[in-house]
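1. Structure for this input, please:
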Amino acid sequence: FATVSVMVARGSEPSLPFRLQNKSLKEKPSDPVEWTVSDVVDYFTEAGFAEQASAFQEQEIDGKSLLLMQRTDVLTGLSIRLGPALKIYEYHIKVLQQAKSSLSSLTLPI
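-> Okay, the predicted model is just below:
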């Protein structure tokens with residue numbers, strides 16, 4: 001069972017890392033690939049982006065889609081303001097993608 005730590009951005013700077021399966025957060029799978037659209041919305045709401053979280057709901061972004069997103073998708077495809085879009089991509093989506101990539105590279109074939 002792997003634990004993924006990410007930096008959470010509230011406002012303009014990342015805050016302390018938190019664990020995705022932290023009990024204070026709503027229960028969601030620790031692996032973002034398994035997140036539903038509601039899990040993605042909850043994640044961004046809890047990370048301080050409640051206003052922007054609805055864009056993920058409207059575009060039906062689940063965990064698999066989230067991990068496939070590129071910078072341009074976030075900046076132009078979600079119709080959210082540039083400042084929050086940059087923070088969402090740099091401090092959250094990119095970090096989740098890198099964490100997933102790191103975990104995948106550690107998996108050895110059996």
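2. Going by C-alpha atoms from here, please, whenever you check contacts or count neighbours.
-> Fine.
3. May I ask you to name the longest helix in this protein?
-> Within the chain, and with DSSP state H defining each element, the longest helix by residue count is helix 94-106.
4. Just the buried positions in it, please.
-> Residues of helix 94-106 classed as buried: Lys94, Val95, Leu96, Gln97, Ala99, Lys100 (neighbour count, 16 or more other CA atoms under 10 Å).
5. Just the mean pLDDT for it, thanks.
-> Here the mean pLDDT over helix 94-106 is 86, rounded to a whole number.
6. for it, packing partners?
-> Counting contacts by 3 or more CA pairs under 8 Å, 6 or more residues apart in numbering; DSSP states H and E, helix 94-106 packs against strand 5-6.
7. Go again with 10 Å.
-> The criterion is 3 or more CA pairs under 10 Å, 6 or more residues apart in numbering; DSSP states H and E, and the helices and strands that helix 94-106 contacts are strand 5-6, helix 63-68, helix 82-88.
8. out of those, which comes closest to Asp42?
-> helix 63-68 (11.7 Å; CA to CA).
9. For the closest one, which outside residues touch it?
-> The set of residues that contact helix 63-68 without belonging to it, under CA atoms under 10 Å, 6 or more residues apart in numbering, is 29, 31-40, 56, 59-61, 73-74, 89, 93-98, 100-101.
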